[in-house]
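Novice: the sequence isn't on hand, but the structure is:
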């Protein structure tokens, strides 16, 4: 029996689930932020969420446990809408232990020439691919929580400087950063003031905020067209992210329509059909825009 039938046709906007990495210092409120996402289920150290009334898996003891939890959510029926791994740096030793066991070693450092950390990156890539599969099949948001640490940034065009980055091995951190649609830095809001003796004091305002864009003091990014700073609150994040995605979709659709006017008839017809199918899915619209431009550049080079 074919899956493609008139009865299988659906209508309406398709909103892509969020893929978030939230990093910050101990106790700033990262787990609380994630607990207010839609119907969350947590995986990680029970100590990290003991103060929250949330659903949680048993604390994983191995990397296989981490992967198995993701598999269960992907393959079995449930009502959860958000998966939270709390935290990445807590899970990293489980990944390292798995890599060492696979190589017949007791510790990842025993694997020569740094190959153990390369193998760990492959494991993170596999986990991220399984999270994408979970998100695609169930529509679940993914929130990966991590602690931050101060590292020196090697600046190729000037003086090196310190900034907050993911508290992970740098090779693994790079892969996770690239995967995320938003890397957010959670921090206490601090105001710097100078007193009459020319001394500088840092005053905590009591507010907790998330930085959404890269700056000298921290690593951050987002694809949701967020304001530079938001309260550390899920509902504020979601409201601004939805608005940003809607604006991005409008811009991409307009750009695609402009490019379609420069295509030949056959490719223009394909592009219009693809645009209709894409709806407001940002990923599909970006791919379609690239496809249109590739066809235009190719035809221009053949003239």
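Specialist: Looks like it came in fine. Quick caveat, the model's predicted, so the values are computed rather than measured.
Novice: low-scoring stretches of this protein, by residue?
Specialist: The model of the chain has pLDDT under 70 over residues 1-15, 191-205, 300-303.
Novice: toward the C-terminus, what is the element adjacent to the longest helix anywhere in it?
Specialist: Using DSSP state H to define each element, the chain has its longest helix at helix 234-260. Once helix 234-260 ends, the next helix or strand along the chain (criterion: DSSP states H and E) is helix 265-278.
Novice: what sits up against that next one?
Specialist: Under the criterion Cβ atoms under 8 Å, 6 or more residues apart in numbering, residues 253, 256-257, 259-261, 263, 284-285, 288, 291-292, 295 lie in contact with helix 265-278. (Each C-beta comes from the backbone N, C-alpha and C, glycine too.)
Novice: quick one, that helix and helix 234-260 angle?
Specialist: 170 degrees (axes from the mean of the first three to the mean of the last three Cα atoms, to 10 degrees).
Novice: buried ones in helix 265-278, by neighbour count?
Specialist: Neighbour counts over helix 265-278 (16 or more other Cβ atoms under 10 Å) mark 267-268, 270-271, 274-275, 278 as buried.
Novice: tell me which other helices or strands the longest helix of the chain touches.
Specialist: helix 30-35, strand 229-231, helix 265-278, helix 282-302 (3 or more Cβ pairs under 8 Å, 6 or more residues apart in numbering; DSSP states H and E).
Novice: check the offset of it from the chain's centre.
Specialist: Distance of helix 234-260 from its chain centroid, counting by Cα atoms, centre = their mean, to the nearest Å, is 17 Å.
Novice: and what of stretch 111-125?
Specialist: 21 Å.
Novice: shouldn't residue 117 be within a strand?
Specialist: No: counting by DSSP: H, G, I helix; E, B strand; the rest coil, one finds residue 117 to be helix, located in no strand.
Novice: contact partners for it?
Specialist: Counted by Cβ under 8 Å, 6+ apart, residue 117 has contacts 108, 169, 171-172.
Novice: among the residues you listed, name the buried ones.
Specialist: 108, 169, 172.
Novice: next, check the residues you listed against the helices and list the overlap.
Specialist: Per DSSP H, the buried ones among the contacts of residue 117 map to helices at residue 172.
Novice: nearest to residue 36, of the buried ones among the contacts of residue 117?
Specialist: residue 172 (27.5 Å; Cβ to Cβ).
Novice: quick one: the closest one from residue 21, how far?
Specialist: Distance of residue 172 to residue 21, computed by Cβ to Cβ, to the nearest Å: 12 Å.
Novice: go on, residue 190?
Specialist: Here the criterion is Cβ to Cβ. By it, residue 190 lies 23 Å from residue 21.
Novice: more neighbours: which of these two?
Specialist: Applying other Cβ atoms under 10 Å to residue 190 and residue 21 shows that residue 21 carries more neighbours, namely 24 against 12.
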